[in-house]
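> Quick one: sequence plus predicted model below, questions after.
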Amino acid sequence: MRSNPVVPSKTAPAHAALTLPRITAVLNQKGGVGKTGLTAGAGGALCERGRRTLLIDLDPQGHLTTEALGLDEADPRKPNLAAALTGEFPGPTSELVVRHSQSASGGCLDVLPHCVSMFLVVRKLHAARSPEHRLTRVLQQLGDMYDHVLIDCPPSLDVLTDTALVAADGLLIPVQPSNTSLRALRLLIEQVAVIEDELELPRRELHGMVPGVYRRPLSGIARYKMAELEEYGVGDGDVPPLPILAHLPLAAAVEEAWLSGQTLTDYQPSAPIADAYRRIALHLDLAAGLAGSDELAALPPLETVTPETATMSAGER
């Protein structure tokens, strides 16, 4: 484990057309769909692209901090994210940030790490005024220190998740090709709309889905469910299109990168899954005005992982 002090990055944004940082919530109330891996992997790919990137470990389980990135948890006796969210620490947010790594291209990967007292935050926020805006206020103190902020959200639709929704400009939605994924996806989109309406927020940009945590070759039921997820990318007038941005199947390289405390693009930059993270990072840079559409057009088309006709026998249902 390591905990490195932050040295402010002097890397300037490229040609941002929008206000930076671009804040993205990595969100799905269903557990085990790959939120933490997606956050760490996309963050590493953004850093590789030269972006000043901050990852926020908002999940009380803290897997992003200790498992994916190999950092120490914040000391609960010192200023930490939990204390900032509850108002017990009113000081500058920059004091809470830990440096994970830097890239040769001038990017950096910083982290607002987990603290064991995050388990008490939900209860404390319920007793606070305007709890949904607490994370927004914490991040506003950072000004334009970063190009991107990625939030690893809890696997629940609670007040902590609401703080991420309020703070975010857009959402990345990790999913699994499983029986419960589509229902969870519909519930999530409905929850986002409810929060936007109740708090009179602008519509958050739904960047797209990232199917992950599945084995290859796909089983019959997984092919069937993946085909259903792909249909979401079309839209039908009532449901906005939600494209698939990349595929993140189970890969030994990811687990090995976690064990090393490195991001996947640092640990094994030539791995196919590293290119998947780079594709996701490019989509986020496009949303931030830090890349042009010609860069995306130059990529090979994202191939379907299902046959043209995905059928499922009665025995597989």
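Okay, I see it. Residues are numbered from 1 along each chain as shown.
> Would you mind listing where this structure has pLDDT under the threshold?
Applying pLDDT under 70 to the chain flags residues 1-18, 233-240, 307-317.
> could you pull out the strands for it?
Applying DSSP state E to the chain gives strands spanning 22-26, 52-57, 98-102, 108-112, 148-152, 170-175, 205-211.
> what packs against the fourth one?
Spelled out, it's strand 108-112. helix 35-48, strand 52-57, strand 98-102 (3 or more C-beta pairs under 8 Å, 6 or more residues apart in numbering; DSSP states H and E). Quick note: C-beta positions are derived from backbone N, CA and C, even for glycine.
> what's the closest of these to residue 154?
Of all these, helix 35-48 sits nearest to residue 154, with 8.9 Å by C-beta to C-beta.
> what's the distance between residue 195 and residue 82?
Separation of residue 195 from residue 82 (C-beta to C-beta, to the nearest Å): 22 Å.
> scratch that, residue 242 is what I was asking about
With C-beta to C-beta as the criterion, residue 242 and residue 82 are 32 Å apart.
> swap in residue 224?
Counting by C-beta to C-beta, the gap from residue 224 to residue 82 is 42 Å.
> can you check residue 43 too?
21 Å.
> ok, back up a step: tabulate the helices and strands packed on strand 108-112 (CSV), appending mean neighbour count and distance to residue 285.
As requested, these are exported to CSV (neighbours: other C-beta atoms under 10 Å; distance: least, C-beta to C-beta, whole Å):
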stretch, mean neighbour count, distance to residue 285
helix 35-48, 29, 7
strand 52-57, 28, 11
strand 98-102, 21, 18
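> what about these, which gets the closest to residue 74?
Closest to residue 74 of these is strand 98-102 (C-beta to C-beta; 8.0 Å).
> Let me see the ranges of the helices in this structure.
35-48, 63, 81-86, 121-126, 134-140, 159-167, 181-198, 220-232, 252-260, 264-267, 272-288, 293-297 (DSSP state H).
> quick one: which of those is nearest residue 23?
Using C-beta to C-beta, the nearest of the helices of the chain to residue 23 is helix 159-167, at 5.6 Å.
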